[in-house]
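Trainee: Got a predicted structure here, sequence first:
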Amino acid sequence: MKRSLKMPGRRTPQRGAAMLEALISLLIVAFGLLGLFGLQTQVTVSQMESYQRAQALVLVKDMAQRVEANRLNAAAYVGNDVGLTAPTASCQTLATQADRDLCEWGTLLQGAAELQGSSKVGAMIGARGCISRPDPLSSPNLYVIAVVWQGLRDTGPTPVDCGKNAYSTEASRRGASVAIQIPVLS
């Protein structure tokens, strides 16, 4: 009977160590790729949120300029939920400048600025606009123009009152607004 003597400093050959190292390396790479995929998803969502906010600011500024250009009839612009329904007729056939401006603004809120085929894709999700006079007695010439829309993820409620409780959650409602003072012409 042969006995195997172990000599100090001498190792027995190992089998499967390279395979185990390769599997551990593959697992580490897989977790890294999953993290990278999650980061890419977050970047895409943030980019879309940014795009929507930029669109909203453009639309708020557009309506502010329309109201200022027709300052003698500024009170005719006051209203809520502009842009929820498509205009039934051409905006150019409406009687007053304020009605035409609100109709065109509503069309822009629905995304008519950019088309993909026949679909309107140029606006925010569920966009609506509001023009209000917060305190007609103490500030009769102050108008607040707001645009709200549905965000892609919950972040917290917006201080804009337009569209309150009209979206899935208040934490996903986004808003942009501007206050304008219309000078009194004498």
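Mentor: Looks like it arrived, so ask away.

Trainee: Count the residues that sit near Cys162.
Mentor: Look at Cys162: counted by other CB atoms under 10 Å, it has 23 neighbours. The C-beta positions use only the backbone N, C-alpha and C, and glycine is treated the same way.

Trainee: Likewise for Ala123?
Mentor: Under the criterion other CB under 10 Å, the count of neighbours that Ala123 has is 22.

Trainee: cool, the one 5 residues further on as well?
Mentor: Under the neighbour criterion other CB under 10 Å, Arg128 is assigned a count of 22.

Trainee: Can you name the residues that contact it?
Mentor: 80-84, 109, 147-149, 162-163, 166 (CB atoms under 8 Å, 6 or more residues apart in numbering).

Trainee: Beta-bridge partners for it, please?
Mentor: Counting by DSSP bridges, Arg128 forms beta bridges with Val148.

Trainee: Just confirm Gly83 contacts Cys103, I think it does.
Mentor: No. Assessed by CB atoms under 8 Å, Gly83 is found out of contact with Cys103, at 9.8 Å.

Trainee: ok, these two, which is more surrounded?
Mentor: Legend: neighbour count by other CB under 10 Å for Gly83 and Cys103, higher for Gly83 (25 against 21).

Trainee: Quick check: phi and psi at that one.
Mentor: Here the main-chain torsion angles of Gly83 (degrees, to the nearest 10) amount to phi 100, psi 0.

Trainee: Now Gln52. Nearest residue, chain neighbours left out?
Mentor: Nearest residue to Gln52 in three dimensions, chain neighbours excluded: Met124, at 4.3 Å (CB to CB, 6 or more residues apart in numbering).

Trainee: Wait, the one you found touches Gln55, no?
Mentor: Yes. Using CB under 8 Å, Met124 makes contact with Gln55 at a distance of 5.8 Å.
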